[in-house]
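1. When you get a sec, could you give me coordinates for this:
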Amino acid sequence: MTFKKTLPMLAALMFVTAAHAEINVGVTVSATGPAASLGIPEKNTISLMPTSIGGQKINYIVLDDASDTTAAVTNTRKLINEHKVDVILGSTITPNSLAMIDVVAEAQTPMISMAASARIVEPQDAKKRWVFKTPQNDIMMSLAIATHMADSGVKTVGFIGFSDAYGEGWYQEFSKIAALKNLQIVANERYNRTDTSVTGQALKIVAAKPDAVLVAASGTPAVLPQRALKERGYGGKYYQTHGVANNDFLRVGGKDVEGTFLPSGPVLVAAQLPANHPVKKSAQEYVAKYEKAYGAGSVSTFGGHAWDAGKLMAAAVPAALKKAKPGTQEFRVALRDALENVKEVAGAHGVFNMSTTDHLGLDQRARVMVKIENGAWKYQP
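-> So this is what the prediction gives:
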């Protein structure tokens, strides 16, 4: 074979190789540490995601950030610099996700967070234009809680939340809605995710005699304030956020969380939803796949946030592939642009319609109210 004939063949081979390059997806989740009950189902869900989209192989690189902000940033840099990922999925919790924004913005790599705070994507600016998220905003869930409180005759509320971005974000959003619903916040307390006692905070709340208490925390650490209040005889209504919507919370909380109300994504009670609920079908799709892999009753709303990140990615990748090849800066830009334009993507938690000003894209179809009855989730019509 002559040299002149070899060159075109090599060029053709290089083109085919480039055209079939893998799409590398970097994932950082809190599979250990205080947020492990959230991160483990997210990690499990990655194995259920598509391994091919638009004819391109998808390669997932999954790292554990141990619920630690510094580790989340380190993982993000490693995924971008060493693994050359085209998109980042994660992290599990708000502080981690907020810390990752500077890194992905600098590298111009799109990120889909699985944490709740609206501060992750709002207000949109030069950095946050690279960031999207799947969990419902605090304001949406605050509205559900405040409406339920008002309809139930609640007038005064005691608040206790994490002493980090999650707790503070919830206080800010709930305060806005509480004022509109004529609810008076009579106590405002904080605690750390790793605390083992909240006696002082509980005593202050009991002394304020609120009609209801809202615990703005997530995972199993959210049990601690409620247990402390129960031990001190508080008999008002209890509310939690969607940050506790998994079976580990029920297991750890036991009788202490019985009767609690909380807002949740529809996936938590998918089988109980009316047949005409707009998210019932897409929520049940995720439940069926997760429980087939991990057992009956194993599904978690937090895994659903990871599933929805995969749904968004699957919707956006084909459009990005029309503009650039994986592994290039052009592809990452095209993928960001495509994510910003996804429409009517049905997921486990709702229907996503993104825009230049809305990098969540969910509406009120994405939440329901739930009550804990006999150690199980009960849909509240």
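2. Now do the contacts for the nearest residue to Gly254 once chain neighbours are set aside.
-> Closest residue to Gly254 in three dimensions, ignoring its sequence neighbours and counting by CB to CB, 6 or more residues apart in numbering: Gly375, at 7.5 Å. Using the backbone N, CA and C atoms, a C-beta is placed for each residue, glycine as well. Under the criterion of CB atoms under 8 Å, 6 or more residues apart in numbering, the contact list for Gly375 reads 250, 254, 258.
3. Which among those residues count as buried?
-> In terms of neighbour count (16 or more other CB atoms under 10 Å), the buried residues within these are Leu250.
4. Out of the contacts of Gly375, which sit inside strands?
-> Secondary-structure check on the contacts of Gly375 using DSSP state E: no residue lies within strands.
5. what are the ranges of the helices in the stretch 51-200 of the chain?
-> Across the stretch 51-200 of the chain, reading from the start of the chain, the helices by DSSP state H, counting those that start in this stretch fall at 69-81, 94-107, 138-151, 165-180, 199-208.
6. Next, format the ones you listed as CSV and append mean neighbour count, mean pLDDT and distance to Ile120.
-> Shown next, in CSV, are the helices of the stretch 51-200 of the chain (neighbours: other CB atoms under 10 Å; pLDDT from 0 to 100; distance: least, CB to CB, whole Å):
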stretch, mean neighbour count, mean pLDDT, distance to Ile120
helix 69-81, 20, 98, 12
helix 94-107, 22, 97, 5
helix 138-151, 21, 95, 11
helix 165-180, 20, 95, 9
helix 199-208, 17, 98, 27
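7. and Leu224, what are its phi and psi?
-> Backbone geometry at Leu224, expressed as degrees, to the nearest 10, gives phi -50, psi -50.
8. In contact with it: list those residues for me.
-> 191, 195-198, 217.
9. Got phi/psi on Gln312?
-> Residue 312: Leu, not Gln. Reported as degrees, to the nearest 10, the phi and psi values for Leu312 are phi -60, psi -40.
10. Apologies, that question was intended for Ser67.
-> Dihedral angles phi and psi of Ser67 (degrees, to the nearest 10) take the values phi 60, psi 20.
11. Not counting sequence-adjacent ones, nearest residue to it?
-> In space, not counting the residues next to it along the chain, Ser67 is nearest to Gly33; the distance is 2.9 Å by CB to CB, 6+ apart.
12. same thing with Phe302?
-> Leu38 is the one closest to Phe302 (CB to CB, 6+ apart), at 4.3 Å.
13. contacts for the strand or helix carrying that neighbour?
-> Element membership of Leu38, judged by DSSP states H and E, is helix 36-46. For helix 36-46, the external contacting residues (CB under 8 Å, 6+ apart) are 27, 29-33, 60, 62, 64, 67, 89-90, 92-93, 114, 218-220, 243, 246, 248-249, 290, 293-294, 298-300, 302-307, 310.
14. now with 6 Å?
-> Counting contacts by CB atoms under 6 Å, 6 or more residues apart in numbering, the residues outside helix 36-46 that touch it are 27, 29-31, 60, 62, 92, 114, 219-220, 246, 248, 294, 300, 302-303, 306-307.
15. Can you give me the domain assignment for the chain?
-> Here the domain parsing of the chain from automatic domain parsing is 3-136+287-363, 138-264.
16. Figure out which of those is closest to Lys371.
-> The minimum distance between Lys371 and those falls on domain 138-264, with 5.4 Å, by CB to CB.
17. start to end distance for that closest one?
-> Start-to-end span of domain 138-264 (CA to CA, to the nearest Å) is 11 Å.
18. wait, which of the contacts of Leu224 is closest to Gly236?
-> Distances from the contacts of Leu224 to Gly236 were compared by CB to CB; the smallest belongs to Val198, at 16.6 Å.
19. Distance-wise, check that closest one relative to Ile185.
-> According to CB to CB, to the nearest Å, Val198 stands 18 Å off from Ile185.
20. And the helices in the stretch 201-350 of the chain?
-> When secondary structure is read from DSSP H, counting those that start in this stretch, the stretch 201-350 of the chain shows helices at 223-231, 247-253, 280-294, 301-321, 329-339.
21. Now tell me which of those the model trusts least on average.
-> Taking the average pLDDT of each of the helices of the stretch 201-350 of the chain, the minimum falls on helix 247-253, with a mean of 94.
22. List the buried residues in that one.
-> The neighbour-count check on helix 247-253 (16+ other CB under 10 Å) flags 247-250, 252-253 as buried.
23. Mind listing residues that contact it?
-> Helix 247-253 is contacted from outside by 37, 220, 223, 375, using CB under 6 Å, 6+ apart.
24. rerun that using 10 Å as the cut-off
-> Around helix 247-253, the neighbours that count as contacts under CB atoms under 10 Å, 6 or more residues apart in numbering are 36-38, 40-41, 217-224, 226-227, 230, 240, 243-244, 257-258, 260, 262, 268, 297-300, 302, 372, 375-377.
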